[in-house]
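Enquirer: sequence and predicted structure, then a few things I'm wondering about:
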Amino acid sequence: MITERYTRPEDLPTSLPVFPLRGVILLPRTALPLNIFEPRYLEMINDILAGERLIGLIQPGPRPMLARDSVSGIKIEEEKIESPLDRSWPLRQTGCIGRLTGFEELGNGHMAITVTGIVRFKRLDETETGKAYRICNIDCKPFARDLALDKDEEQVDREKLLSLLRLYLHANDMTADWRSIHRSSTGYLVNTLCIHSPYGPEEKQALLEAENLRERAEILMALAEMELASKNEGGGTMQ
């Protein structure tokens, strides 16, 4: 298992390249596929592959409205960009370290990678290196428990989680590999559902920052229940 090589915060770097992606989170022991095509991030991945293969996934933060924007009423379009071009754009305080566990060079100049989550981190200050991408100093110590297997899995209401998942899939005309789901540990299931959930940046960040697996599962189920209730109120009922 990839995370077995990292058992203490001291096993991990205190500075690493960060990949700001709006609406995207990574959690420990889960795999996230990404398609890389921007030159700055192709450079970043090549540099990472030549090193320890570690990267920090983090969401861009909201940008304070500038005086000229409030006067003109112009919406800052970069708020909608998945990865802001402006290097001064603020980043969230919490992200997750991942290790590149798979990559493939595609014929169109793009690169397909898979990142496996290791531990969350607190973002500190940023390092100026002259690179096209951003590098931040980080602290993993507040999330040291991420490096151990989830010991609070038994506190998650797995039966309720699976019941809600069935309802959610049915309401959205989706299917799932239930054999794999039933074989998955509760921790893997909760974290995988979180990173692949369709919710917005704020909801995703709440899932990322949840104190423990039980709290994360409860937030996830509450979001699903609200969405299901909204669908029911919109007309029709689920059978």
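Expert: That came through fine.
Enquirer: and residue 14, how many neighbours?
Expert: For residue 14, the count of nearby residues is 13 (other C-beta atoms under 10 Å). The way it works is simple: take the backbone N, C-alpha and C, and place the C-beta from them, glycine included.
Enquirer: what residues are up against it?
Expert: If you count contacts by C-beta atoms under 8 Å, 6 or more residues apart in numbering, residue 14 has them with 137, 138, 139.
Enquirer: the second one - nearest residue in space that isn't next to it in sequence?
Expert: Think residue 138. residue 121 (4.1 Å; C-beta to C-beta, 6 or more residues apart in numbering).
Enquirer: one step back: buried ones from the contacts of residue 14, can you make that a PyMOL selection?
Expert: Here is the PyMOL command that selects the buried residues among those (16 or more other C-beta atoms under 10 Å):
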select buried, resi 138
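Enquirer: circling back to that earlier point, next up, the contacts around the residue nearest to residue 138.
Expert: Residue 121 makes contact with 56, 94, 95, 96, 97, 138, 139, 140, 143, according to C-beta under 8 Å, 6+ apart.
Enquirer: can you flag the buried ones in those residues?
Expert: Counted by 16+ other C-beta under 10 Å, those give 56, 94, 95, 96, 97, 138, 140, 143 as buried.
Enquirer: what average pLDDT does the longest strand along the chain get?
Expert: Ranked by number of residues, the top strand in the chain under DSSP state E is strand 111-127. On average, the pLDDT along strand 111-127 is 96.
Enquirer: and which of the contacts of residue 14 is nearest residue 182?
Expert: Among the contacts of residue 14, residue 138 lies closest to residue 182 (C-beta to C-beta), at 36.1 Å.
Enquirer: let me see the domain layout of the chain.
Expert: Following automatic domain parsing, the chain resolves into domains at 2-147, 153-233.
Enquirer: now, which of the contacts of residue 121 lie within strands?
Expert: 56, 94, 95, 96, 97, 138, 139.
Enquirer: show me where the chain has helices.
Expert: All helices of the chain, identified by DSSP state H, fall at 39-49, 67-72, 158-171, 178-183, 186-196, 201-209, 213-233.
Enquirer: list the helices and strands the last one packs on?
Expert: Looking back up the chat, that one is helix 213-233. Other helices and strands packing on helix 213-233, by 3 or more C-beta pairs under 8 Å, 6 or more residues apart in numbering; DSSP states H and E, are helix 158-171, helix 186-196, helix 201-209.
Enquirer: tell me the buried residues in that helix?
Expert: 213-221, 223-224, 227-228, 231.
Enquirer: contacting residues around the residue nearest the centre of the chain?
Expert: The centroid of the chain falls nearest to residue 25 when counting by C-alpha atoms, centre = their mean (0.8 Å). By C-beta under 8 Å, 6+ apart, the contact set of residue 25 is 57, 59, 96, 194, 195, 204, 205, 207, 208.
Enquirer: and the residues you listed as a markdown table, adding distance to residue 125?
Expert: Shown next, in a markdown table, are these (distance: C-beta to C-beta, whole Å):
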| residue | distance to residue 125 |
| --- | --- |
| 57 | 18 |
| 59 | 18 |
| 96 | 19 |
| 194 | 28 |
| 195 | 27 |
| 204 | 24 |
| 205 | 20 |
| 207 | 26 |
| 208 | 21 |
